[in-house]
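Trainee: model this:
(2 chains)
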Amino acid sequence: MSRDAASWTQKRWAQTVAPVLMLGLFLAGWELLVKAREVPPYLLPPPSLIAESLTEHRQQLAAAWLVTAKTMAYALAAAVLSGGLAAVLFSVSRVLEISLFPAAVILQVTPLVAIAPLINIWLGDRVQTVLVVCATIVAFFPILSGTVVGLRSSDRTLDELMTVCGASRKQRLRYLLVPSALPYFLAGLKTAANLSLVGAVVAEFVVGASVDRSGLASIILESGFRLETPKLFAALALVSLTGILVYFAVHLLSVLLLGGWHESAGPRRD
Amino acid sequence: MIGPWAGSPPLEATKPTETEASVLLGVPLELESVGKTFANGKVAVQRLDLTVAAGGFCSILGRSGCGKSTALRIVAGLVEASEGRVSFGEIGSDTRPRVGMVFQESALMPWRRVWGNVYLPLQVRGVSKKEAREQVDNALALVGLQDESERYPRQLSGGMKMRVSIARAIVQNPSVLLMDEPFGALDEITRWRLNDELLKLWSLKGWTVLFVTHSVFESVYLSQKVAVMSDAPGCVSGSVDVGAAYPRGDAFRVSSEYQSLCSRVSGLLRPAEAVSYP
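Mentor: Next up, the predicted model:
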């Protein structure tokens, strides 16, 4: 038992410390290499300069981060609602599924960059809405397809059990289908969360948000034009950090919801 | 219609402890020339006749694929019979009695704890958690799992899962208990123990039990009547009455009566021309 506990703490230690150590080594090597070879900062700034730029422009960057994060959050919420609802409707009506699923696929396979200008024309004067709609389109599909598969993969014997118990359709959905679909939904959510960030950034690029409403992507673009590479890296780091944060948030959510009963949330089997 | 085998189960062995609804006798069960042809043209069951008295324990024995599970599903209302009718005594064919069913696999919801799994049938009927508390706890106590109510199915052994499944089937005091090869996947020792536990509960509660199995020994040990089904399309090709008194125990398992009943049942199961050595 104590040996198990020891190896567990060891594993835990390795899990948190190893990646941090790796990152530290990487940044140090980067710093040293750039300094030693005297690489000009507009080509590749050292991490220290990026950090400096991060503090120098913190107000502008924070405002931009808020714009991007808001777009992402709204888009993800919209995708969860619309994707989940569509999946439930599809599971209720086969006709609906057959007739609407192709539309969802078309929306998915058409690149966002190609659709964005159209959305910009339709909703052009509301920049935030355009961004959210674009990001929603990208994040919608993983939720839909995950939940559709999940709703269909409920155990057949449990379905018979519901019949023997005399369950109504609503009860079947609530007590059997939704819990069975949950792991699949969460797997879709994991993808959708990251895609909503990608969608938000790409949409900003394409739509070219105006200066007062500019998100991280516009800072990246602008810094690129002006060869302010440290600032570009600073914005880029914020984008990555946001992605990582969202990933862990969704991971935490699935552990909370599935912990105890589902294999995917349990301890890893080596 | 009550056969000579339908002696009422002795109730003196274990005294009911609950004050209300302790002796809830089952309803009689009758299948009259029931047939089932599936959409693909396969005839699973044909002209199946079977009578079980109120509170009787009957096993359906047959080989894999003979249609015994289909017969059980027809009684459960999961499959609609193409011919014939199923009736439950005076209740009539349109009102169904309360049916509890135990499936081949324990079929528990992995996301619910033991308590929540047993609560499900009551929840579907709109009973609140608070009102159901006593009933669920009682059912768990009957199968000896009162201390495991907070565990998840994946933390239980096969035998324990099956006990939860039984608790779930009996929590709503069914009139008819249907069991579809419930102990087929368990090891022999666990199986025997669960057999004895099942008989104890049955003599306490008096449900009408229809028990599908492919084990000759199990069917003879448990039931008052063993109905043997022919190969598909299945019908009852013969039946053997087991007169031995309950509670049955190891003494019955080694008795010559048990041996001869088992060989009689085996004889019915085996087609006449099957054994021929060159």
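Trainee: from here on, contacts and neighbour counts on C-alpha atoms
Mentor: Will do.
Trainee: pLDDT below threshold where in chain A?
Mentor: Within chain A, the ranges that satisfy pLDDT under 70 run A:1-6, A:209-213, A:265-270.
Trainee: OK, contacts around whichever residue of the stretch 151-278 of chain B sits closest to chain A?
Mentor: Residue nearest to chain A within the stretch 151-278 of chain B (Cα to the nearest Cα): residue B:152, separated by 6.4 Å. By Cα atoms under 8 Å, 6 or more residues apart in numbering or on different chains, the contact set of residue B:152 is A:260-261, B:110-114.
Trainee: okay, who's weakest in these by pLDDT?
Mentor: The weakest per-residue confidence within the contacts of residue B:152 falls on residue A:260 (73).
Trainee: okay, now it: neighbour count?
Mentor: Counted by other Cα atoms under 10 Å in any protein chain shown, the residues lying close to residue A:260 total 21.
Trainee: what strand or helix carries it?
Mentor: If you go by DSSP states H and E, residue A:260 is not part of any helix or strand.
Trainee: tell me both backbone torsions, phi and psi, for the residue of the stretch 151-278 of chain B closest to chain A.
Mentor: phi -90, psi 150 (degrees, to the nearest 10).
Trainee: same question, residue B:234
Mentor: Main-chain torsions, residue B:234, degrees, to the nearest 10: phi -80, psi 140.
Trainee: can you tell me the closest non-neighbouring residue to it?
Mentor: Of all residues not flanking residue B:234 in the chain, residue B:45 sits nearest, at 4.6 Å (Cα to Cα, 6 or more residues apart in numbering or on different chains).
Trainee: list the contacts of the one you found.
Mentor: Counting by Cα under 8 Å, 6+ apart, residue B:45 touches B:34-37, B:66-67, B:70-71, B:232-235.
Trainee: lowest pLDDT pick from the residues you listed?
Mentor: Minimum pLDDT for the contacts of residue B:45 is recorded at residue B:232 (69).
Trainee: which residues of the stretch 51-200 of chain B lie near chain A?
Mentor: For the stretch 51-200 of chain B, the residues in contact with chain A (Cα under 8 Å from any Cα of the partner chain) are B:76-78, B:99-101, B:103, B:107-112, B:121, B:124-125, B:152-154.
Trainee: cross the contacts of residue B:45 against strands and list the overlap.
Mentor: Cross-referencing these against strands under DSSP state E gives B:34-37.
Trainee: which of these come close to chain A?
Mentor: Of the ones in strands among the contacts of residue B:45, not one also sits near chain A (Cα under 8 Å from any Cα).
Trainee: so what would you say the end-to-end distance of stretch B:205-221 is?
Mentor: Stretch B:205-221 stretches 19 Å from its first residue to its last (Cα to Cα, to the nearest Å).
Trainee: is it anywhere near chain A?
Mentor: No: contact of stretch B:205-221 with chain A (Cα under 8 Å from any Cα) is absent, the minimum separation being 15.1 Å.
Trainee: run the chain-centre distance for that stretch.
Mentor: In terms of Cα atoms, centre = their mean, to the nearest Å, the gap separating the centre of stretch B:205-221 from the centre of its chain is 6 Å.
Trainee: what about chain B, any weak spots by pLDDT?
Mentor: Along chain B, the parts satisfying pLDDT under 70 run over B:1-25, B:91-95, B:232, B:271-278.
Trainee: quick one, strands of it?
Mentor: For chain B, strands defined by DSSP E occupy the ranges B:29-37, B:43-52, B:57-61, B:83-87, B:99-102, B:176-180, B:208-213, B:225-229, B:236-241.
Trainee: buried deepest among those strands, which one?
Mentor: Most buried of the strands of chain B, by mean neighbour count (mean count of other Cα atoms under 10 Å in any protein chain shown): strand B:57-61, with a mean of 28.
Trainee: any idea how far that strand is from the chain center?
Mentor: Put simply, strand B:57-61 sits 8 Å off its chain's centre (Cα atoms, centre = their mean).
Trainee: with stretch A:29-49 instead?
Mentor: Computed by Cα atoms, centre = their mean, the separation of stretch A:29-49 from the middle of its chain amounts to 31 Å.
Trainee: wouldn't residue B:119 be in contact with residue B:130 here?
Mentor: No: contact criterion Cα atoms under 8 Å: residue B:119 and residue B:130 do not qualify, at 10.7 Å.
Trainee: picking that back up, please check the residues of the stretch 51-200 of chain B next to chain A and keep the buried ones.
Mentor: B:76-77, B:99-101, B:103, B:107-112, B:121, B:124, B:152-154 (16 or more other Cα atoms under 10 Å in any protein chain shown).
Trainee: hang on, the earlier thing: which one's more surrounded, residue B:119 and residue B:130?
Mentor: Ranked by neighbour count (other Cα under 10 Å), residue B:119 and residue B:130 place residue B:119 first, with 25 against 8.
Trainee: list the contacts for that one?
Mentor: Residue B:119 is in contact with B:129, B:132, B:136, B:168, B:171, counting by Cα under 8 Å, 6+ apart.
Trainee: what distance do you get for it to residue B:157?
Mentor: 20 Å.
Trainee: what segments of the stretch 51-200 of chain A are strands?
Mentor: Under the criterion DSSP state E, counting those that start in this stretch, the stretch 51-200 of chain A contains no strands.
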